[in-house]
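Participant: sequence first, predicted model second:
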Amino acid sequence: MNDALPSGTDLQSGAFVLGEVIGRGGSGFTYLARDTVLHRTVAIKEFFPPGSSRIGVQVQSPAPIEYSKERAAFVQEARSLARFAHPHIVHVFAVWEENETAYLVTEFLDGRNLQDIVEARGALSQNEALQLIAPVCEATEAVHRGGLLHSDIKPQNIIRCYDGRVVLLDFGLTRPAVTGSYATTLLVPQNAAGTAGYAPLEQYSRVARTGTWSDVYALCATLWHLLSGNPPPDAPDRASGTPLPTLRSINPTVSAHLEHVLHSGLAMDALARPQTVRELWALLDPGASHFEQSQEGLPLAATPSSTRIAPPMPLNVSTRPSINDENAVGMLVVMSVILFVVFFLIMTQQF
């Protein structure tokens, strides 16, 4: 990666020191880095889209106007991502512009991405695959509630940390939740569309309407990969006649129900898919009627149906007695006093 900054490069006047490159995505490099102020290991993503070049540490683009707009969008999307205090979304620490580009600082996730896990072990069991995709569904649902689409969900962008936490990362292709119409013409560059095998057909178009159903496709493609060992055929190839094989022909241990749900979620027609992540999860786990909610309104990690925890009482529900309850207590007190007085008078007359 000759275009990457060398290890030891200082950023923010020495506040951060770059280490090795640990990733290369559609919008730039990701470095392991050291926060010299708070003395912690972090990950830093540098905005460096395809076509960019470097003179020293300064980044240049052959299309400066478009590059400037994309860089501003990168910064804005980072600020939007920072709103999500969610256990399954990577935590953002800082974002700034320097060296004619932009940098995003996030927590460093110590673990392995799901693609590496599948490459090392082969196709996963249905139970393990569903356990891994459940927190990703909840993270995606939180992103949608914030008015955004992830647009690049895939096994490589999901980390299972060594402590068991599953985290969705790489929001470099995030876009508004609904755009355009349902038309599917005017193909866009691959790096803007997403990743082959996981991006639905509408993401390849400049005018097609993308929405929550687009991330639903990517979630189903990711789950397909976990269960089969490979991603499904790319959407443009399928549009040209390449068939989607039956999942059970690849992995016979997958249930017929799950195969049906995934084929529905991978429908080429966006309207034929589950339209939201909640609809998808209701099909994947029929026993789960809803995601558990935190007090901030963001989904928390799903619990197994057999040990599902009741959601906490909403903050706007008072736990003090109602007015009717207080009146009833007052009446009982008054009646007790009257009965005591009557009993006292009867007793004094007898003596």
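Facilitator: Thanks, I have the structure now. Residues are numbered from 1 along each chain as shown.
Participant: so what's residue 281 closest to, chain neighbours aside?
Facilitator: residue 137 (5.2 Å; Cβ to Cβ, 6 or more residues apart in numbering). C-betas here are computed from N, CA, C, even on glycine.
Participant: pretty sure the one you found contacts residue 283?
Facilitator: No - using Cβ atoms under 8 Å, residue 137 is not in contact with residue 283; the gap is 11.2 Å.
Participant: so between those two, which is more surrounded?
Facilitator: residue 137 (26 against 16; other Cβ atoms under 10 Å).
Participant: any idea how far the more buried one is from residue 204?
Facilitator: 24 Å (Cβ to Cβ, to the nearest Å).
Participant: give me the common contacts of residue 137 and residue 283.
Facilitator: Here residue 137 and residue 283 share no contacting residue, scored by Cβ atoms under 8 Å, 6 or more residues apart in numbering.
Participant: what mean pLDDT does the helix or strand containing residue 257 have?
Facilitator: Using DSSP states H and E, residue 257 sits in helix 256-265. The predicted model gives helix 256-265 an average pLDDT of 97.
Participant: and that helix, what does it pack against?
Facilitator: Counting contacts by 3 or more Cβ pairs under 8 Å, 6 or more residues apart in numbering; DSSP states H and E, helix 256-265 packs against helix 212-228, helix 247-250, helix 277-284.
Participant: packed most tightly, which of those helices would that be?
Facilitator: Highest mean neighbour count among the helices and strands packed on helix 256-265 (mean count of other Cβ atoms under 10 Å): helix 212-228, with a mean of 26.
Participant: run the angle between that one and helix 256-265 for me.
Facilitator: If you take axes from the mean of the first three to the mean of the last three Cα atoms, to 10 degrees, helix 212-228 sits at 140 degrees to helix 256-265.
Participant: for the very next helix or strand once past helix 212-228, list every residue counted as buried.
Facilitator: As assigned by DSSP H and E, the chain's next helix or strand after helix 212-228 is helix 235-239. By neighbour count on 16 or more other Cβ atoms under 10 Å, the buried set for helix 235-239 is 235, 236, 238.
Participant: rewinding a little: quick check, the residue nearest to residue 281 in a helix?
Facilitator: Yes - judged by DSSP: H, G, I helix; E, B strand; the rest coil, residue 137 forms part of a helix.
Participant: how much space between it and residue 194?
Facilitator: 18 Å.
Participant: now swap in residue 60 and tell me
Facilitator: Shown here: residue 60 relative to residue 194, a distance of 26 Å by Cβ to Cβ.
Participant: between the two, point out the one with more neighbours.
Facilitator: The neighbour comparison of residue 60 against residue 194 (other Cβ under 10 Å) goes to residue 194, with 27 against 13.
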